[in-house]
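S.K.: Build me a model:
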Amino acid sequence: MNIEDLRDYCLSIGPVTEETPFGPDTLVFKVGGKIFLLVGLDQVDMLRFNVKCDPEKAVELRERYDQTVFPGYHMNKKHWNTVVANRELNDRALEELVLHSYSLIFESLPTKVKQEIQAG
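M.R.: Prediction:
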(Lines give C-alpha, C1' and ligand atoms only; values in the text may rest on other atoms or scores of the structure.)
Protein backbone atom coordinates (compact mmCIF):
# COMPACT_ATOMS: atom_id res chain seq x y z
CA MET A 1 0.00 0.00 0.00
CA ASN A 2 1.21 3.48 -0.80
CA ILE A 3 -0.13 6.86 0.27
CA GLU A 4 -2.35 7.21 -2.81
CA ASP A 5 -3.95 3.82 -2.10
CA LEU A 6 -4.46 4.81 1.53
CA ARG A 7 -6.09 8.09 0.52
CA ASP A 8 -8.36 6.39 -2.01
CA TYR A 9 -9.44 3.82 0.56
CA CYS A 10 -10.17 6.43 3.25
CA LEU A 11 -12.30 8.44 0.84
CA SER A 12 -14.17 5.32 -0.31
CA ILE A 13 -15.39 4.40 3.18
CA GLY A 14 -18.12 6.99 3.29
CA PRO A 15 -18.59 10.72 3.81
CA VAL A 16 -15.01 11.46 4.80
CA THR A 17 -13.21 14.79 4.71
CA GLU A 18 -9.49 15.31 4.24
CA GLU A 19 -7.72 18.29 5.75
CA THR A 20 -4.30 19.56 6.75
CA PRO A 21 -5.06 21.23 10.12
CA PHE A 22 -1.56 20.61 11.50
CA GLY A 23 0.28 22.11 8.54
CA PRO A 24 1.04 21.06 4.99
CA ASP A 25 2.96 17.90 5.94
CA THR A 26 0.17 16.00 7.72
CA LEU A 27 -2.96 14.79 5.96
CA VAL A 28 -5.91 14.12 8.27
CA PHE A 29 -9.05 12.15 7.48
CA LYS A 30 -12.21 12.84 9.46
CA VAL A 31 -15.75 11.58 9.82
CA GLY A 32 -18.28 13.90 11.42
CA GLY A 33 -15.50 16.38 12.12
CA LYS A 34 -13.46 13.86 14.16
CA ILE A 35 -10.09 12.43 13.15
CA PHE A 36 -9.81 8.74 12.34
CA LEU A 37 -6.49 8.69 10.44
CA LEU A 38 -3.38 10.85 10.16
CA VAL A 39 -0.56 10.37 7.68
CA GLY A 40 2.60 12.36 7.03
CA LEU A 41 3.00 13.65 3.49
CA ASP A 42 6.76 14.01 3.82
CA GLN A 43 7.51 10.29 4.09
CA VAL A 44 10.24 9.00 1.81
CA ASP A 45 10.77 5.43 2.93
CA MET A 46 7.80 3.34 4.13
CA LEU A 47 4.25 4.50 4.59
CA ARG A 48 3.28 5.11 8.22
CA PHE A 49 -0.08 6.25 9.49
CA ASN A 50 -1.94 6.66 12.79
CA VAL A 51 -5.33 5.06 13.41
CA LYS A 52 -7.58 4.81 16.44
CA CYS A 53 -7.96 1.36 17.96
CA ASP A 54 -9.84 -0.37 20.74
CA PRO A 55 -7.33 -0.44 23.64
CA GLU A 56 -7.39 -4.23 24.09
CA LYS A 57 -7.07 -4.83 20.37
CA ALA A 58 -4.25 -2.27 20.22
CA VAL A 59 -2.19 -4.24 22.75
CA GLU A 60 -2.88 -7.50 20.91
CA LEU A 61 -1.84 -6.03 17.55
CA ARG A 62 1.34 -4.52 19.00
CA GLU A 63 2.34 -7.86 20.47
CA ARG A 64 1.46 -9.89 17.38
CA TYR A 65 2.93 -7.48 14.82
CA ASP A 66 5.81 -5.93 16.73
CA GLN A 67 7.54 -4.74 13.54
CA THR A 68 4.39 -3.11 12.16
CA VAL A 69 2.08 -1.80 14.89
CA PHE A 70 3.36 0.62 17.53
CA PRO A 71 1.85 2.97 20.12
CA GLY A 72 0.56 6.05 18.31
CA TYR A 73 3.29 8.57 17.57
CA HIS A 74 2.30 11.94 19.11
CA MET A 75 -1.08 10.44 20.06
CA ASN A 76 -2.78 8.91 23.10
CA LYS A 77 -0.91 5.62 23.13
CA LYS A 78 -3.78 3.74 24.75
CA HIS A 79 -6.18 4.51 21.90
CA TRP A 80 -4.00 5.12 18.84
CA ASN A 81 -1.56 3.00 16.86
CA THR A 82 1.07 3.91 14.35
CA VAL A 83 1.02 1.34 11.56
CA VAL A 84 3.94 0.78 9.19
CA ALA A 85 3.06 -0.59 5.75
CA ASN A 86 6.08 -2.90 5.66
CA ARG A 87 4.28 -5.92 4.14
CA GLU A 88 3.99 -7.81 7.45
CA LEU A 89 0.28 -7.01 7.06
CA ASN A 90 -1.21 -7.18 3.57
CA ASP A 91 -3.26 -4.34 2.12
CA ARG A 92 -6.57 -5.91 3.17
CA ALA A 93 -5.39 -6.14 6.79
CA LEU A 94 -4.26 -2.49 6.66
CA GLU A 95 -7.66 -1.52 5.28
CA GLU A 96 -9.32 -3.38 8.16
CA LEU A 97 -7.33 -1.30 10.65
CA VAL A 98 -8.44 1.88 8.88
CA LEU A 99 -12.07 0.73 8.85
CA HIS A 100 -11.86 -0.19 12.56
CA SER A 101 -10.65 3.34 13.30
CA TYR A 102 -13.40 4.90 11.17
CA SER A 103 -16.03 2.73 12.89
CA LEU A 104 -14.82 3.65 16.39
CA ILE A 105 -15.02 7.34 15.57
CA PHE A 106 -18.35 7.05 13.77
CA GLU A 107 -19.92 5.16 16.69
CA SER A 108 -18.69 7.82 19.14
CA LEU A 109 -20.48 10.61 17.27
CA PRO A 110 -23.72 12.06 18.60
CA THR A 111 -26.82 10.36 17.21
CA LYS A 112 -27.86 13.47 15.29
CA VAL A 113 -24.49 13.69 13.52
CA LYS A 114 -24.58 9.96 12.66
CA GLN A 115 -28.09 10.36 11.22
CA GLU A 116 -26.97 13.33 9.11
CA ILE A 117 -24.00 11.34 7.78
CA GLN A 118 -26.17 8.33 6.98
CA ALA A 119 -28.77 10.51 5.25
CA GLY A 120 -26.00 11.84 3.02
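
S.K.: Can you tell me the SS state at the residue nearest to P71 when sequence neighbours are not counted?
M.R.: Leaving out its chain neighbours, the residue that sits closest to P71 by C-beta to C-beta, 6 or more residues apart in numbering is K77, at 3.7 Å. The way it works is simple: take the backbone N, C-alpha and C, and place the C-beta from them, glycine included. Following DSSP: H, G, I helix; E, B strand; the rest coil, we place K77 in the coil state.

S.K.: State which helix of this structure is the longest.
M.R.: Ranked by residue count and defined by DSSP state H, the top helix of the chain is helix 91-108.

S.K.: Show me the contact partners of whichever helix or strand comes after that one.
M.R.: Using DSSP states H and E, the helix or strand that follows helix 91-108 towards the C-terminus is helix 111-119. Residues from elsewhere that reach helix 111-119 (C-beta atoms under 8 Å, 6 or more residues apart in numbering): 14-15, 31-33, 106-107, 109.

S.K.: okay, the angle between helix 111-119 and helix 91-108?
M.R.: Using axes from the mean of the first three to the mean of the last three C-alpha atoms, to 10 degrees, one finds that helix 111-119 and helix 91-108 are set 130 degrees apart in direction.

S.K.: that older thread, so the residue nearest to P71 is in contact with V69, correct?
M.R.: No - assessed by C-beta atoms under 8 Å, K77 is found out of contact with V69, at 11.8 Å.

S.K.: more crowded one of those two?
M.R.: V69 (24 against 15; other C-beta atoms under 10 Å).

S.K.: Quick one: the helices in the chain, in order.
M.R.: Under DSSP H, the chain gives helices at 3-13, 55-64, 91-108, 111-119.
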